[in-house]
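Visitor: Sequence and predicted structure, then a few things I'm wondering about:
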Amino acid sequence: MSAKACILSAVAALGLFAFGGGNAEATYDAGSIPGLQYTGLSFSPPFGSSHRNNVEAAIESTLAPGIDVSFVGRLDGIATQSATGSDPVFDDSLSATCTNGSPSDCKAGTWTFDAGSSDFLIAFIEISGGGASKLYEVIDYSLVGLWNTYDLFNGGGGNPGLSHLDFYGTVVSSQSGGGGVPVPEPAALGLLAVGAFSLAFLRQRRKTAR
């Protein structure tokens, strides 16, 4: 088995270990980010408050009927939180790291949500870069996970650096069917990050070899 196949198998296995089997209601195709599933919804600017309201409406009416979601906040790149939802628990609750690229031109990394004493988990993430964005569902609603821009393309056909991340959360008890949701341990997230970094390294090596 090739080195790339081994890494892909390891990432897939880690994804199943850390995030479980996923939400039964989801029917859209998976993207290339472990722990996230592409909803099929893509957007162009502007990405202001009216846009966020439209995203919330699309989630609640089409993607996850019966689940009440709230805009949690926005991270500009991996910098500080630049927008916050209406609930006070969302203040300064988001952070991100970079595992591929520089802080000003980052293409992959991790994200973390500090829910405090609340029962909120992140349910959907919108990843933006290169003047476009895509909306993903967190396969098992969580407090930690991965992100990348490998499914986004700029005018030259390359992957852009991250513009911003928008997070949408839900209270665990508000999910259809109720029950608890598995939250990956930090160690599992670290393993996933290693897998994501390995994939990024292989992508870069392939480009260099051309």
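Guide: Perfect, I can see it now.
Visitor: Would you mind listing the buried residues in stretch 72-91?
Guide: 72-75, 77-78, 81, 83-85, 87, 89-90 (16 or more other Cβ atoms under 10 Å). In this view, the C-beta of every residue, glycine as well, is placed from N, C-alpha and C.
Visitor: repeat for stretch 108-127
Guide: Neighbour-count burial for stretch 108-127 [16+ other Cβ under 10 Å]: 108-113, 115, 120-127.
Visitor: Just name the closest of these to residue 61, please.
Guide: residue 124 (13.4 Å; Cβ to Cβ).
Visitor: Could you double-check that that closest one lies in contact with residue 60?
Guide: No. With contacts counted by Cβ atoms under 8 Å, residue 124 stays clear of residue 60, the gap being 10.5 Å.
Visitor: Find the residues that touch each one of those two.
Guide: The contact sets of residue 124 and residue 60 overlap at residue 69 (Cβ atoms under 8 Å, 6 or more residues apart in numbering).
Visitor: what is residue 129 paired to in the beta sheet?
Guide: Residue 129 has these beta-bridge partners by DSSP bridges: residue 132.
Visitor: And the pLDDT for it?
Guide: For residue 129, the pLDDT comes out at 95.
Visitor: go on, residue 175?
Guide: Note on residue 175: pLDDT of 52.
Visitor: for residue 187, same thing?
Guide: 50.
Visitor: likewise residue 80?
Guide: Looking at residue 80, its pLDDT is 89.
Visitor: what's the spacing between it and residue 74?
Guide: As judged by Cβ to Cβ, to the nearest Å, residue 80 and residue 74 stand 10 Å apart.
Visitor: Same check on residue 60?
Guide: Computed as Cβ to Cβ, the residue 60 to residue 74 distance reads 19 Å.
Visitor: those helices in the protein, which residues are they?
Guide: Along the chain, counting by DSSP state H, helices occupy 3-19, 49-58, 186-209.
Visitor: which residues touch the closest residue to residue 128 other than its chain neighbours?
Guide: Once flanking residues are discounted, residue 128 sits nearest to residue 163: 4.3 Å by Cβ to Cβ, 6 or more residues apart in numbering. When contacts are counted by Cβ under 8 Å, 6+ apart, residue 163 touches 76, 77, 128, 129, 130, 131, 133.
Visitor: Would you mind giving those residues as TSV with distance to residue 167 added?
Guide: What follows is the contacts of residue 163, written out as TSV (distance: Cβ to Cβ, whole Å):
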residue	distance to residue 167
76	13
77	14
128	12
129	16
130	20
131	20
133	13
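Visitor: ok, of the helices of the chain, where does mean pLDDT dip lowest?
Guide: Here the lowest mean pLDDT among the helices of the chain goes to helix 3-19, at a mean of 38.
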